[in-house]
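Asker: Using only what follows, build the 3D model:
(chains A and B)
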There are 2 protein chains.
Amino acid sequence: MPRTAETASFKFNHTMIRVKDPQVSLAFYQDVLGMELLSEKKFDDFTLYFLAFTTTGASSPPRRRKSVLELTHNHGTESDPSFQGYASGNTEPGKGFGHIAITVDDVEKACERFEKLGVRFKKRPSDGKMKHIAFILDPDGYWIEVVPGVLDL
Amino acid sequence: MPRTAETASFKFNHTMIRVKDPQVSLAFYQDVLGMELLSEKKFDDFTLYFLAFTTTGASSPPRRRKSVLELTHNHGTESDPSFQGYASGNTEPGKGFGHIAITVDDVEKACERFEKLGVRFKKRPSDGKMKHIAFILDPDGYWIEVVPGVLDL
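Answerer: Below is the predicted model of the structure:
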């Protein structure tokens, strides 16, 4: 179905998840996954962090990227002993959201590196039937699917 | 921080949410938001639907888009009277995931159209302090932030 004039300008901008400790999450998304922190907006009770995979190669337009991840930090969760943590969305109660997914050129190699860096896995490539994909967990337990770059639509 | 060779190929591919009734959700994401159904993968117990905002204008590469939304339908939920529905991620229990966001050229105009089409609002532009943004609800109650295109990073 062709897009109509009414929706022609609509674009996917970002996906937002809440995180317990931004320092831990920023280290993960920047150092482990290689995303870049685009901006940070601090409010009284919370801070928003916007990250993306940017492309800085000479043959690409500067800072070109496909989509943005927004991390919301409600101040205090990182040091509150009664804070229960956030739901990944994959188990009851709270089932709904599933995961975000990244493509990588070489899933095996990427997962060997994740393993060395101490990343937790939900599913290693060798687990189950789907040998070509993996699921890793971010610091809050959100699932991140790791799929081959050939699936980059 | 520059991207290293180890993560240079990594890209954001998609965001996945579960939906109760794919016919209702597909109508919403295609007809109301203007996304295109890129592909559909049927398994024994579930079906995956991949959607994106595509660009088919003459000046753009064919089917160029920024990011993909994956809808997972676990067969049977659409007709199961005991199915409780999915969690939006914004209330306890199950707080975690927040929303996806789209940019539109004209938030007011887009929201007038959403209103006419019977879309449910979490926050109309006129509600609260942030007059330039809105939050609509998808058929399962997931929040979709509607922000001005000038914020398209």
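Asker: phi, psi of the closest residue to A:Trp143 other than its chain neighbours?
Answerer: Sequence neighbours aside, A:His99 is the residue nearest to A:Trp143 in space, at 3.8 Å (criterion: C-beta to C-beta, 6 or more residues apart in numbering or on different chains). (C-beta placed from N, C-alpha, C; glycine too.) Torsion angles at A:His99 (phi, psi; degrees, to the nearest 10) stand at phi -170, psi 170.
Asker: Let me know the pLDDT of A:His99.
Answerer: Here, the pLDDT recorded for A:His99 equals 98.
Asker: and what of A:Leu153?
Answerer: Predicted confidence (pLDDT) for A:Leu153: 55.
Asker: Let me know the secondary structure of the residue in chain A that chain B sits nearest to.
Answerer: Across chain A, the shortest distance to chain B (C-beta to the nearest C-beta) belongs to A:Gly94, at 2.0 Å. Classification of A:Gly94 using DSSP: H, G, I helix; E, B strand; the rest coil returns coil.
Asker: didn't it look like it was pressed against B:Gly94?
Answerer: Yes. Contact criterion C-beta atoms under 8 Å: A:Gly94 and B:Gly94 qualify, at 2.0 Å.
Asker: so what sits against both of those two?
Answerer: Counting by C-beta atoms under 8 Å, 6 or more residues apart in numbering or on different chains, the residues touching both A:Gly94 and B:Gly94 are A:87, B:87.
Asker: so what strands line up beside the helix or strand A:Asn13 falls within?
Answerer: Using DSSP states H and E, A:Asn13 maps to strand A:11-18. Strand pairing for strand A:11-18, using DSSP bridges, gives strand A:68-74 (parallel), strand B:97-104 (antiparallel).
Asker: Out of those, which gets nearest to A:Lys123?
Answerer: Shortest distance between A:Lys123 and these, using C-beta to C-beta, is found for strand B:97-104: 19.6 Å.
Asker: and whichever helix or strand comes after the closest one, what other elements does it pack with?
Answerer: Using DSSP H and E, the helix or strand that follows strand B:97-104 in sequence is helix B:107-116. On a contact count with 3 or more C-beta pairs under 8 Å, 6 or more residues apart in numbering or on different chains; DSSP states H and E, helix B:107-116 meets strand B:120-123, strand B:134-137, strand B:143-148.
Asker: List the buried residues in stretch A:79-96.
Answerer: By neighbour count on 16 or more other C-beta atoms under 10 Å in any protein chain shown, the buried set for stretch A:79-96 is A:86-90, A:94-96.
Asker: Tell me how far A:Asp106 lies from B:Thr7.
Answerer: 12 Å (C-beta to C-beta, to the nearest Å).
Asker: Those two: which is more packed in?
Answerer: Each of A:Asp106 and B:Thr7 has its neighbours counted (other C-beta atoms under 10 Å in any protein chain shown); B:Thr7 has more, 18 against 12.
Asker: which residues sit in contact with that one?
Answerer: By C-beta under 8 Å, 6+ apart, the residues touching B:Thr7 are A:33-34.
Asker: thinking again about what came up before, how about the residue nearest to A:Trp143: which residues does it bridge to?
Answerer: With DSSP bridges as the rule, A:His99 is bridged to A:Trp143, B:Met16.
Asker: any idea how far A:Phe12 lies from A:Gln30?
Answerer: Separation of A:Phe12 from A:Gln30 (C-beta to C-beta): 22 Å.
Asker: ok, those two, which is more surrounded?
Answerer: Each of A:Phe12 and A:Gln30 has its neighbours counted (other C-beta under 10 Å); A:Phe12 has more, 26 against 17.
Asker: any idea which residue sits dead centre in chain A?
Answerer: Closest residue to the average C-alpha location of chain A: A:Ile100 at 5.6 Å, with C-alpha atoms, centre = their mean.
Asker: Could you give the number of residues near the closest residue to that one other than its chain neighbours?
Answerer: Excluding the flanking residues, the one nearest A:Ile100 by C-beta to C-beta, 6+ apart is B:Thr15, at 5.3 Å. Neighbourhood size, B:Thr15 [other C-beta under 10 Å]: 23.
Asker: same check, this time on the one 3 residues further on
Answerer: In terms of burial, B:Arg18 registers 22 neighbours under the definition other C-beta under 10 Å.
Asker: so what's the nearest residue to it once chain neighbours are set aside bridging to?
Answerer: Nearest residue to B:Arg18 in three dimensions, chain neighbours excluded: B:Thr72, at 4.8 Å (C-beta to C-beta, 6+ apart). Under DSSP bridges, the beta-bridge partners of B:Thr72 are B:Arg18, B:Leu48.
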